[in-house]
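Student: no sequence on this one, just coordinates:
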């Protein structure tokens with residue numbers, strides 16, 4: 001029997017931003033940089049826990065309700081569950097969620113643990129073990145409510161039998177530097193774990209298991225979000241091995257030994273232990289982009305969403321975006337200025353240099369180098385969780401004249417790109433976007449603003 005998979009993709013609120021372009025608004029009169037920041041703020045607000053979680057919550061079961069979760073948004077999601085449960089007159093929920101250091105919020109009944117991201121640590125391992133313990137203790141009348149968001153793969157660190165945490169960390173670091181995309185990385189992670197790839201739902205059987213997801217992956221596939229702890233896994237150990245071979249990721253002996261056992265395969269579609277596992281994608285990149293598009297249209301700009309699931313090398317994606325911006329600036333195609341080009345998804349960075357910066361800073365640095373101060377083009381690229389990679393910034397902003405300003409200070413954007421030093425480049429020029437943790441995460445947000453006129 002196929003698992004009951006209710007993957008309604010956050011349709012609520014998707015009508016936002018679909019008003020006719022510019023109706024009742026000045027035609028592109030907004031300050032471009034101010035507009036960029038307002039769009040980013042609106043995008044983040046539209047996928048906050050308080051907005052997206054309540055409609056995705058199930059009714060309580062006849063027995064106990066236990067809340068568990070993992071991800072950068074999980075603590076905020078837990079706080080929302082507490083408030084919503086109280087408003088509906090239900091008994092206070094109990095449980096535990098694990099989030100990234102600095103992303104915790106106060107909850108009254110649900111315990112919040114902080115752990116490391118993107119490389120797991122002992123705190124994440126302890127949290128994962130305790131979450132498995134909570135799931136194992138449930139009966140048929142109970143409900144396991146799972147609050148899952150981006151970052152959960154690293155934060156739920158329950159290494160497979162015989163695999164040391166150090167070995168799992170080594171594989172994770174190599175994947176992060178390899179240029180592998182999130183689906184490929186999570187294919188490997190699911191086969192190094194006792195909790196990912198549907199194993200958390202299996203642990204809760206025969207209880208009902210319902211997962212509320214904030215998607216940070218292109219395509220919003222539940223089996224990929226945080227490595228799908230409650231969802232059947234269609235990938236195999238052979239798939240995981242192929243990823244490591246393709247990207248030259250060395251495998252510790254403990255991983256080789258684990259993958260040689262039958263137990264290393266994850267639960268597959270049709271597994272009867274997953275028949276009572278349901279899932280709902282409550283927030284996604286598309287919702288955030290549509291909210292930003294609504295802000296642009298209210299300011300009199302045509303808004304064009306290029307895609308919510310763009311992948312590939314950040315610097316290559318930047319070249320494509322730069323080409324579209326040039327076409328719009330010169331020919332009014334595919335949108336006529338004043339216009340905004342929007343995109344989401346998750347790019348990757350193959351690390352070759354010793355600089356600092358995440359994929360959004362890398363994207364914007366490559367865009368700056370490609371545009372080379374093209375008049376009348378402004379851009380912002382940021383991570384909706386407020387943290388770009390391992391740095392303190394969400395991303396960066398580009399404005400005409402930035403490259404000339406950089407060269408006047410002895411900075412070469414192409415040399416910075418070769419060094420993977422997007423953070424250092426924009427920090428020196430006052431171009432960082434710094435928000436702190438936003439307590440949500442639907443991944444990359446990119447916006448290019450092209451005002452009216454021919455500068």
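Tutor: Good, I have the coordinates. On a predicted model such as this, the values are computed, not experimentally measured, just so you know.
Student: so how far is residue 66 from residue 423?
Tutor: 40 Å (Cβ to Cβ, to the nearest Å). For the C-beta atoms, the positions are set from N, CA and C on the backbone; glycine is no exception.
Student: show me which of those two is the more surrounded one.
Tutor: residue 423 (26 against 23; other Cβ atoms under 10 Å).
Student: per-residue confidence at the more buried one?
Tutor: pLDDT, the model's per-residue confidence, is 96 for residue 423.
Student: please tell me I have it right and it contacts residue 393.
Tutor: Yes. With contacts counted by Cβ atoms under 8 Å, residue 423 reaches residue 393, the gap being 6.6 Å.
Student: how about the strands of the protein, start to end?
Tutor: With DSSP state E as the criterion, the chain has strands at 65-70, 94-100, 110-115, 143-149, 208-214, 277-283, 302-310, 339-345, 378-383, 395-398, 432-433, 444-450.
Student: for residue 169, which of those strands is the nearest?
Tutor: strand 110-115 (12.4 Å; Cβ to Cβ).
Student: list the buried residues for the closest one?
Tutor: 110, 112, 113, 114, 115 (16 or more other Cβ atoms under 10 Å).
Student: got JSON lines for these, with pLDDT too?
Tutor: Output for these, formatted as JSON lines (pLDDT from 0 to 100):
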{"residue": "110", "pLDDT": "98"}
{"residue": "112", "pLDDT": "98"}
{"residue": "113", "pLDDT": "98"}
{"residue": "114", "pLDDT": "98"}
{"residue": "115", "pLDDT": "97"}
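Student: quick check, nearest of those residues to residue 254?
Tutor: So of the buried residues of strand 110-115, ranked by how close each gets to residue 254 (Cβ to Cβ), first place is residue 115, at 21.4 Å.
Student: list the contacts for that closest one?
Tutor: 98, 99, 100, 101, 121, 123, 124, 127, 154, 155, 157 (Cβ atoms under 8 Å, 6 or more residues apart in numbering).
Student: and the pLDDT for the residue nearest to it when sequence neighbours are not counted?
Tutor: Sequence neighbours aside, residue 124 is the residue nearest to residue 115 in space, at 3.5 Å (criterion: Cβ to Cβ, 6 or more residues apart in numbering). On the pLDDT scale, residue 124 is placed at 96.
Student: picking that back up, out of the strands of the chain, the one nearest residue 389 is which?
Tutor: That would be strand 378-383 among the strands of the chain, by Cβ to Cβ, at 7.9 Å.
Student: buried ones in that closest one?
Tutor: In strand 378-383, counting by 16+ other Cβ under 10 Å, buried: 378, 379, 380, 381, 382, 383.
Student: rewinding a little: what is the neighbour count of the residue nearest to residue 115?
Tutor: Count around residue 124 with other Cβ under 10 Å applied: 26.
Student: what's the answer for residue 326, then?
Tutor: 15.
Student: the one 3 residues further on too?
Tutor: Under the neighbour criterion other Cβ under 10 Å, residue 329 is assigned a count of 20.
Student: can you give me the pLDDT of it?
Tutor: 95.
Student: residues in contact with stretch 79-87?
Tutor: Applying Cβ under 8 Å, 6+ apart, the set of residues contacting stretch 79-87 is 49-50, 53-54, 57, 60, 65, 67, 91-93, 105-110, 145, 147.
Student: how about a cut-off of 10 Å?
Tutor: Applying Cβ atoms under 10 Å, 6 or more residues apart in numbering, the external contacts of stretch 79-87 come out as 48-55, 57, 60, 65, 67, 69, 73, 90-93, 95, 97, 104-110, 112, 145, 147, 212, 439.
Student: any of those residues buried? List them.
Tutor: Buried among the contacts of stretch 79-87 (16+ other Cβ under 10 Å): 48-49, 51-54, 57, 60, 65, 67, 69, 73, 93, 95, 97, 104-105, 107, 110, 112, 145, 147, 212, 439.
Student: check the offset of stretch 170-182 from the chain's centre.
Tutor: On the basis of Cα atoms, centre = their mean, to the nearest Å, stretch 170-182 sits 16 Å off its chain's mean C-alpha point.
Student: ugh, wrong one, I meant stretch 385-400
Tutor: Worked out by Cα atoms, centre = their mean, stretch 385-400 lies 14 Å from the chain centre.
Student: same question for stretch 33-40.
Tutor: 20 Å.
Student: what do you get for stretch 58-78?
Tutor: Mean C-alpha position of stretch 58-78 versus that of the full chain (Cα atoms, centre = their mean) differs by 19 Å.
Student: do stretch 215-226 as well
Tutor: With Cα atoms, centre = their mean, you get 8 Å for stretch 215-226.
Student: many thanks, I have nothing further to ask.
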